[in-house]
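*Asks:* Kindly return the folded structure for what I paste below:
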Amino acid sequence: MLLASSYRLSDTETTGHAADELAETVCALVGADRAHVYLPDVIGGLVWSNANEARTPARRGTVRIDLSQEGPDLLECLTTGQDRFVADAVAGDAVRRPLRVRHGVASLWFVPLPDVGVLVLGWEQPRSAPPVLDADWRPFVRHVAQALRRRIVTTTLHELTRTDPLTELDNRRALQHSLQVLPAGGGLLLIDLDHFKLVNDTWGHRHGDEVLQDFARLLQQHAPDAVSVARYGGEEFAVVLAADARNGGMQVFTELRAAWQVRGLTFSAGLAQHREGGSGEETLEAADRALYRAKGQGRDQLVHAPDVAWSEAPTTPAPVAPRVVSHHDTTHHDTTTATAARGVARGVARGVARGDGALPGRAGSESAPLTLAGLDEVLHRGLVTPHYQPVVDAGTGRVTGVEALARVTHPDTGRLLLPGQFLALAERTGRVGELDRQVAGAAIAQVATWRTDPSMTELGVAVNVSVDHLDEGGLAGYLTTRCHQAGLPTTAVTVEITETLQSVTGRGHEHLVQLLRDEGLHVALDDFGTGFSALSYLLRFPVTAIKIDQTFIATLTDTRGQQLVEGILSTARVMGLGVVAEGVETPQQRDWLTTHHCPHLQGYLLSPPLPSLALPAVVASLDRTHTCT
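*Replies:* Sure thing, here's the model as predicted:
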């Protein structure tokens, strides 16, 4: 029976299935009436258990137990690693009552699962002692503990491909699946938080996470009948409705708008009804066009897709001055920014720094919006000025490379613009490929110059490339040519794909990634763990590294977040991939990542993105810090 159970455990796919298999086997072995598994994340905090009676094992979740008050036997078993038998759990012992009621038993036996949790067995009739088992029992317990540990990791990694880790909503992959099976009459409500960059610049990354989480909770409350509630990306959210999309979407918008305005914030939305014979991608594009129309018409409103031609090419919304609803006068344009900031401060408004680490409240925060004509002038005049953020070896503390981040100079005002002020425009109008090329060309030439310095001879550079640019072809040849012209080996260049490999897969262009590798260029999958970056794609594409998205690094304060990142690191080691952790902002994050052997770190704790003239001094300073240490 033990051997057969071991095989079945090896075949289970989730923690829930493994826990149920263990419980069923143990009940049969020892004649118990009940058996459940408890896996504490934090002593005294949340505890995962298959005793929460979820509808399916895969959805078993956490239960909130104060172990010191409600589960002293669990706590003792965890801390001592020794069995704990309670002969009479029915007697007037208040602290044992919650577990006794949950299990519906008279006697309880707590058996430690080494380094994982506790197995709790129960009998409806009182027993004076636990059953006597032979010598195979303890090895079996150790085996199932290891199996559960593996399932915890694999289940967590599976969740990465379906769930947004910050909001716990569906991610883009799950949203795409919901759209593929959407019936006619269903539809999609696409939502974008207005002026979220202002929230970023005012408050910063951690508080911005709270804003997104707060909005996600409200969205779930006001869309209870949705097929999928998802974070589409950044500050964009999506609601998939199975039927009566027009009325349902308008109701969600109206109720959610009222709740969100209480916080002093607004959002824009586009609503598209799924057409008979249409594709999910078409519905998504229609909702996206409607959303951009809503933002272009002044924000804080809903636009329905029939009011926008389905075949209409995406256009750039007319520039609109930021506007936040206020009980006072909101018509004075010279006080718009201050009014918006006050509105943000009144609510739960916080900010989330962009993945590129743009300095909040600095360059470009007061620049006039960049128009399409202005972007064309930027590209024509070569007003692209990369900034560079160091990547540090976690073991030695030395700078091993830099990531080149796009910055452009406004052709009229001369102010430096951050990506949020030009990148979306470049993507929507097909200029992102030329922008990528100018950033990469300038970065390659700059790094080649830096490498003549004896202290930076091994410096590498990472350049961001959108999937649209990758799809154009010729990228490998362009980068190789620029490397030869600058005298930089191609092995010093890493191409970071800034959108999802799923997009490339759908187009049948996996060979484009291989072309980059054939030229000696490295390829990294950026923002790993978000969007469509499923684990299976690492097997299909010849990437050499992954960059752990800063959303996961921000969760290292709790055990579940640590398990997520630990699972990613383990997978990367098994597959021989390099790893860079993005968004490292605290010493605690740095220390945890270093202890768990994350090879490379990047983030504000080490250095913000810098202009080229400032970087050598920072590299020298970091090296001196390492030498002194």
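*Asks:* tell me, how many neighbours does the nearest residue to Q273 once chain neighbours are set aside end up with?
*Replies:* Distances taken as C-beta to C-beta, 6 or more residues apart in numbering place G187 nearest to Q273, at 4.1 Å, with adjacent residues excluded. Every C-beta, even on glycine, is put in place using the N, C-alpha and C of the backbone. Residues lying near G187 (other C-beta atoms under 10 Å) number 27.
*Asks:* repeat for the one 4 residues further on
*Replies:* Other residues near I191 come to 27 when the count uses other C-beta under 10 Å.
*Asks:* next one: D209
*Replies:* For D209, using other C-beta under 10 Å, the count is 20.
*Asks:* and it, what element?
*Replies:* helix 205-222 (DSSP states H and E).
*Asks:* Ok, V463 next?
*Replies:* strand 460-465.
*Asks:* what's that strand packed up against?
*Replies:* strand 387-393, strand 399-405, helix 432-450, strand 493-497 (3 or more C-beta pairs under 8 Å, 6 or more residues apart in numbering; DSSP states H and E).
*Asks:* Of all these, which one is nearest A226?
*Replies:* In terms of C-beta to C-beta, the element of those nearest to A226 is strand 493-497, at 30.7 Å.
*Asks:* any idea how far the closest one is from the chain center?
*Replies:* 20 Å (C-alpha atoms, centre = their mean, to the nearest Å).
*Asks:* Just want the angle from that strand to strand 399-405.
*Replies:* Between strand 493-497 and strand 399-405, the angle comes out at 50 degrees (axes from the mean of the first three to the mean of the last three C-alpha atoms, to 10 degrees).
*Asks:* per-residue confidence averaged over strand 493-497?
*Replies:* In this model, strand 493-497 has a mean pLDDT of 92.
*Asks:* Tell me the helices and strands packed up against that strand.
*Replies:* Under the contact rule (3+ C-beta pairs under 8 Å, 6+ apart), strand 493-497 is packed against strand 460-465, helix 475-486, strand 522-528.
*Asks:* now those in JSON lines, with mean pLDDT, mean neighbour count and distance to Y7?
*Replies:* As requested, these are exported to JSON lines (pLDDT from 0 to 100; neighbours: other C-beta atoms under 10 Å; distance: least, C-beta to C-beta, whole Å):
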{"stretch": "strand 460-465", "mean pLDDT": "93", "mean neighbour count": "24", "distance to Y7": "45"}
{"stretch": "helix 475-486", "mean pLDDT": "92", "mean neighbour count": "18", "distance to Y7": "47"}
{"stretch": "strand 522-528", "mean pLDDT": "85", "mean neighbour count": "23", "distance to Y7": "33"}
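*Asks:* Which among those is found nearest to M250?
*Replies:* Using C-beta to C-beta, these put strand 522-528 closest to M250, at 32.9 Å.
*Asks:* Point out the other helices and strands that that closest one packs with.
*Replies:* Looks like strand 522-528 contacts strand 493-497, helix 510-518, strand 545-548, strand 578-581 (3+ C-beta pairs under 8 Å, 6+ apart).
*Asks:* Pull up the pairing partners for the strand holding V463, direction included.
*Replies:* Partners of strand 460-465 in the sheet, by DSSP bridges, are strand 399-405 (parallel), strand 493-497 (parallel).
*Asks:* Quick one, which of these gets closest to L539.
*Replies:* Nearest of those (C-beta to C-beta): strand 493-497, 15.9 Å.
*Asks:* Need the residues that contact the closest one.
*Replies:* With contacts defined as C-beta atoms under 8 Å, 6 or more residues apart in numbering, strand 493-497 is touched by 401, 403, 444, 460-467, 470, 475, 479, 483, 504, 513, 516, 521-526, 544-545, 547.
*Asks:* Tell me how many other residues crowd the nearest residue to N171 once chain neighbours are set aside.
*Replies:* Nearest residue to N171, sequence neighbours excluded (C-beta to C-beta, 6+ apart): D164, at 4.5 Å. D164 has 26 neighbours, counted by other C-beta under 10 Å.
*Asks:* try A287
*Replies:* 31.
*Asks:* correct me, but it touches I191?
*Replies:* No: look at A287 against I191 with C-beta atoms under 8 Å: they stay out of range, at 9.6 Å.
*Asks:* which residues are in contact with both of the two?
*Replies:* With C-beta under 8 Å, 6+ apart as the test, A287 and I191 both reach A238.
*Asks:* Could you pull out the helices in the stretch 51-200 of the chain for me?
*Replies:* For the stretch 51-200 of the chain, helices defined by DSSP state H, counting those that start in this stretch occupy the ranges 67-70, 72-80, 97-103, 137-160, 172-180, 196-203.
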